[in-house]
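[1] Below is the sequence, then the predicted model.
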Amino acid sequence: MTPDQLLQGLLHGQAPLQRRAMAKAITLLESTRTDHRALADELLTAMLPHTGQSFRLGISGVPGVGKSNFIEALGLYLIGQGHRVAVLAVDPSSSVSGGSILGDKTRMEHLSVHPQAYIRPSPSSGTLGGVAEKTRESMLVCEAAGYDVVIVETVGVGQSETAVANMTDMFCLLQLPNAGDDLQAIKKGVMELADLVVINKSDIDLNAATRAEAQITSALRLLGMHGNPENAHHNETQWHPQVIKISALLNQGVDAFWSAVSDFKRLQTNNGRFDTRRQQQALSWMWERIDAGLKQNFRAQSRVQALLPQLSHQVGAGQLAASTAARQLLSAYQAQS
């Protein structure tokens, strides 16, 4: 299908045709072939006027915290409220075989078959930050197809994989009731970027969930005072990170979660931070693609390819420092440029 055919399928296609166009468009965007990238850029440019109307929600958390179960409960709730929900689920790729199970969709057995939902699992393909390299572009496909809530589920993350916060309107971090002490809660990284912290599986141990809620609330206040001064005062026109308890398995607290999300969107829209955040994300996306393009161009250059085997062997054998080899390769690249 040509970019124009894909666009028409996204904008005007009936349900089966639209889903097919979405799948083909995302596959085209994920391709690394040079001719496919040219077609993908054409499609992105044509799609752009039809994007930006959805709410982009990032969901992150450690493995086993219940991200997929929570997203299914949330997705079904939102569909009941009249929304169309798209889920971009990123699965980790094996560092040994390079493969990925892409099994998140199987955990959303009710949401995955609903006509008002679209779920697309994608491999991380070695990309750090908990998301796939083309997740931003996939979001635009979902928006052009008319989905007004786009949820990005990351791979199970630690404390430093925070890329999803830089591509979504709201970043939600899922935590377990017994996830560590007060010190663990105030460690920098993913916690200080969270707009909303959700303690899932609170039905297992309500007392532990309540303690975790108090500890994380205290930690967020501390991070606000010392890490993000905008959260330190009590300005009611700005959003301050909150902590809520839910049980996705029992479908408890999902309505309270969406109420908090709605409050966040209203406040951020009224104070202008919603649009500012998206503008900053667009610029960040541009520089991210520049970095990726330069790296790809570097590897493809003939002088670099000629020197790489020898220098790689010398570095591996301990005959040459890695930093020295890197400088020699960069010098060769700049000389040919």
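    Looks like it arrived, so ask away.

[2] going on from the lowest-mean-pLDDT helix or strand in the chain, what's the next piece of helix or strand?
    Every helix and strand in the chain was compared by mean pLDDT, DSSP states H and E; the lowest is helix 182-185, with a mean of 53. Once the chain leaves helix 182-185, the next helix or strand it forms, by DSSP states H and E, is helix 190-193.

[3] and residue 294, how many neighbours?
    Here the number of neighbours of residue 294 (other C-beta atoms under 10 Å) works out to 11. C-beta here means a position set from N, CA and C on the backbone, and glycine is covered the same way.

[4] State the pLDDT value of residue 35.
    Reported pLDDT at residue 35 in the predicted model: 88.

[5] same thing with residue 109?
    86.

[6] ok, and the closest non-adjacent residue to it?
    Computed as C-beta to C-beta, 6 or more residues apart in numbering, the closest residue to residue 109 that is not its neighbour in sequence is residue 72, at 7.9 Å.

[7] For this structure, give me the ranges with low pLDDT.
    For the chain, the stretches with pLDDT under 70 are 92-104, 124-133, 156-162, 179-189, 223-234, 337.

[8] Now do the buried residues in the longest helix anywhere in it.
    In the chain, taking DSSP state H as the definition, the longest helix is helix 273-300. Of all the residues in helix 273-300, those buried under the rule 16 or more other C-beta atoms under 10 Å are 273, 274, 277, 281, 288.

[9] Let me see the contact set for the first one.
    When contacts are counted by C-beta atoms under 8 Å, 6 or more residues apart in numbering, residue 273 touches 238, 239.

[10] So which residues of the stretch 101-250 of the chain form helices?
    104-107, 135-144, 182-185, 190-193, 206-226 (DSSP state H, counting those that start in this stretch).

[11] Out of these, which one sits most buried?
    Comparing the helices of the stretch 101-250 of the chain by mean neighbour count (mean count of other C-beta atoms under 10 Å), helix 135-144 ranks first with a mean of 25.

[12] helices or strands up against that one?
    Packing contacts for helix 135-144, counted by 3 or more C-beta pairs under 8 Å, 6 or more residues apart in numbering; DSSP states H and E, involve helix 3-12, helix 15-30, helix 34-47, strand 85-91, strand 117-123, strand 149-153.

[13] Identify the residues contacting the shortest one?
    Right, the one you point to is strand 149-153. Contacts of strand 149-153 (C-beta under 8 Å, 6+ apart): 54-60, 67-68, 71, 74-75, 78, 83-90, 104, 131, 135, 139, 142-143, 164, 167-168.
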